[in-house]
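Student: Need a 3D model of the following:
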Amino acid sequence: AEGGKHAIFRYSGIDCNFSGHVLRIAKSDLARASSFHAENDGRKSASSSSTSSRTSNVIESMEESTTQTFQRKIVQPLLGHCYLDLARLVRLPASCCAQLHHRTLVSNSIPPSRLPSWKHDDTKDGAVEPISHEWVMAALLHDHTHLSRHPLSPISNNIIDDKPTVLSVEIKPKAGYITSSPLVLPSHRCKYYRTRYSLQQELMKKGHIQKGWRRMKKAEDAQHSTANSNTIPDAFTPSNYSPLDLFSDNPIQIQKALEDLSHNMQNNFRVWCNGRQIFGEYEAPTENDCRKILNEFFLHTENNTREQLSDPKSSLIDAITRTVSEVLDRESLLSNILSMQQLDVIDDDGAVEIYERLVHLCDGSHSEAEKLLDQAALIPSNGLAAEMIGDKNDLISASPYIFPVCNSLDKLLGETSKFQKYFLGCVLERSGPKEDIMNATHITCIECVNHLSKEACIYLLQNWLLSLALCDVSVFVTFQLLTDQEHKSVEECQSCDLGGVALLSLQTDALAPAPSMAVHYEVKVVDCDPKPAKK
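Tutor: As a prediction, this is how the structure comes out:
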């Protein structure tokens with residue numbers, strides 16, 4: 001699997017230190033390792049290269065990466081320690097990374113739009129710290145398509161036939177709020193009425209932005225071919241999914257959100273069964289596979305029901321989304337994510353204005369401004385921030401960062417809070433906000449920005465970048481069935497040491513009369529990286 005900057009490799013060997021884990025490696029590091037070994041070690045024998053890539057040569061680093069520090073100090077305390085596992089930093093032989101790079105490229109599994117990110121760019125070497133000729137740093141993470149052991153799980157894991165079916169769902173929830181910042185530019189006020197996700201879907205439909213996960217097809221096969229390109233993106237259908245539903249704290253709306261995601265998966269909804277992906281934008285199981293999973297997992301007690309499923313794919317997706325929605329409704333993860341996302345009180349438009357103010361205070365130096373932001377992003381408050389804020393404003397009460405003393409910041413947050421209350425009142429009364437009030441508040445807030453201190457600029461941009469990071473995370477919900485003998489267990493929410501146990505009832509037309517069932521589950525967040533200041 002891959003994202004914009006990183007590739008994920010699952011370990012499939014027998015080393016107990018790596019079993020059940022994946023490696024997350026920057027694609028730029030893989031490309032540089034491959035480029036170096038192509039120039040210097042191209043004539044080495046395959047046996048020599050293989051020896052150097054054994055997992056026994058992998059060394060765990062005692063250093064902590066920027067991402068690890070960010071997650072441990074900033075994210076975990078707010079998100080919940082049980083929802084975010086910290087990675088172990090390891091050093092991989094560069095020769096091993098060169099092999100991974102080569103095998104991935106020749107597998108033809110990389111979408112053409114993402115191939116440039118797998119290439120070594122000599123022009124960027126001066127902008128980054130060069131990797132060692134011998135080692136590449138990587139993050140060792142738990143494989144969340146599998147489930148950790150639970151005291152109530154079946155004991156006979158050494159017998160293949162007795163292994164329980166494990167289903168894992170990856171969700172990219174996106175931004176669960178609509179901006180109400182008075183710093184939004186007058187020409188961008190459509191953002192007051194639509195989610196960021198819906199706006200992006202519209203821009204994708206119009207072809208203004210492209211996503212790397214989309215497949216390309218030959219232009220001559222398309223209805224509207226062009227003479228200037230050999231490939232064009234697949235026809236794009238916007239999703240009906242609204243993040244507001246997922247973060248609504250309403251079980252019916254959470255269920256609707258997951259259904260909308262499953263009906264148009266794009267890169268935001270994927271399902272694994274026993275570690276093998278079965279659903280995705282370009283993945284779907286056969287009907288026989290669906291029946292088998294339904295029989296083993298959801299219909300384990302009703303033999304006669306198995307014959308009644310005319311559409312097993314829809315029945316399986318429906319059962320999965322219902323299970324995941326009930327699990328998410330039980331846990332506090334979504335509300336914790338939303339509270340961190342809502343630390344964005346300035347919007348992208350305000351971030352531009354405040355960043356320009358910070359650059360001005362840094363004597364016009366962009367590099368100095370970025371350095372200050374990147375350093376401050378890892379420094380949490382000492383626990384007294386809430387006392388410093390007092391009762392002035394609750395917009396940033398959840399912020400992990402040190403609240404600076406600045407009159408212009410106090411005024412800006414006060415104006416923002418007043419505007420948000422006014423806007424909410426307009427929504428409740430179903431009346432649009434008045435243009436003159438929006439314009440006057442915008443002017444006042446811009447004036448506040450022009451008088452912010454350096455510390456105040458950093459504080460607001462820190463929270464905005466933290467919000468962006470939480471808008472880009474993925475959530476894994478992994479679960480398995482508990483046997484009849486284990487139903488006596490009381491329900492329990494997830495903890496740092498154990499997953500949760502839930503009694504669920506899946507009464508649907510397709511699955512009736514399916515009885516209630518007990519599942520062991522884990523909910524985890526991944527891809528929670530700090531956003532660089534150059535963002």
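Student: is it true that Gly500 touches Val490?
Tutor: No. Gly500 is beyond contact range of Val490, at 11.2 Å (criterion: CB atoms under 8 Å). C-betas here are computed from N, CA, C, even on glycine.
Student: and the two? which has more neighbours close in?
Tutor: A count of neighbours by other CB atoms under 10 Å puts Gly500 above the other of Gly500 and Val490, at 20 against 6.
Student: Pull the contacting residues for the residue nearest to that one when sequence neighbours are not counted.
Tutor: Closest residue to Gly500 apart from its sequence neighbours, by CB to CB, 6 or more residues apart in numbering: Gln494 at 4.0 Å. Counting by CB atoms under 8 Å, 6 or more residues apart in numbering, Gln494 touches Cys82, Tyr83, Glu331, Gly500, Tyr521, Glu522, Val523.
Student: Pick the one among the residues you listed closest to Pro404.
Tutor: Tyr83 (29.6 Å; CB to CB).
Student: pretty sure that closest one is touching Val523, no?
Tutor: Yes. Tyr83 is within contact range of Val523, at 6.2 Å (criterion: CB under 8 Å).
Student: overlap in contacts of these two?
Tutor: By CB under 8 Å, 6+ apart, Tyr83 and Val523 have these common neighbours: Glu331, Leu333, Gln494.
Student: Now do the helices in the stretch 1-150 of the chain.
Tutor: With DSSP state H, counting those that start in this stretch as the criterion, the stretch 1-150 of the chain has helices at 27-40, 46-52, 66-70, 76-79, 94-106.
Student: what's the closest of the ones you listed to His120?
Tutor: So among the helices of the stretch 1-150 of the chain, helix 27-40 is nearest, using CB to CB, at 3.9 Å.
Student: longest strand of this protein?
Tutor: strand 516-526 (DSSP state E).
Student: just to revisit the earlier point, reformat the shared contacts of Tyr83 and Val523 as TSV; add distance to Leu185.
Tutor: Formatted as TSV, the shared contacts of Tyr83 and Val523 follow (distance: CB to CB, whole Å):
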residue	distance to Leu185
Glu331	37
Leu333	33
Gln494	42
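Student: Between the residues you listed, which sits nearest Gly13?
Tutor: Gly13 lies nearest to Gln494 out of the shared contacts of Tyr83 and Val523, by CB to CB, at 29.1 Å.
Student: what separates the closest one from Ser187, distance-wise?
Tutor: As judged by CB to CB, to the nearest Å, Gln494 and Ser187 stand 45 Å apart.
Student: Same question for Thr478.
Tutor: Applying CB to CB to Thr478 and Ser187 gives a distance of 44 Å.
Student: swap in Pro380?
Tutor: As judged by CB to CB, Pro380 and Ser187 stand 37 Å apart.
Student: And Asp497, by the same measure?
Tutor: For Asp497, the distance to Ser187 equals 52 Å [CB to CB].
Student: Please apply the same query to Glu415.
Tutor: Glu415 sits 20 Å away from Ser187, taking CB to CB as the criterion.
Student: longest helix in the chain, by residue count?
Tutor: Ranked by residue count and defined by DSSP state H, the top helix of the chain is helix 407-428.
Student: And that one, what's buried?
Tutor: Neighbour counts over helix 407-428 (16 or more other CB atoms under 10 Å) mark 408-413, 415-417, 419-420, 422-423 as buried.
Student: shaky segments in the protein?
Tutor: Within the chain, the stretches with pLDDT under 70 are 38-62, 121-133, 149-163, 215-234, 299-309, 382-393, 483-489, 506-515, 535.
Student: one step back: just the closest of the shared contacts of Tyr83 and Val523 to Arg430, please.
Tutor: Distances from Arg430 to those, taken by CB to CB, are shortest for Leu333, at 32.2 Å.
Student: Enumerate every residue touching that closest one.
Tutor: Leu79, Gly80, Tyr83, Val475, Val523, Val525 are the contacts of Leu333 under CB under 8 Å, 6+ apart.
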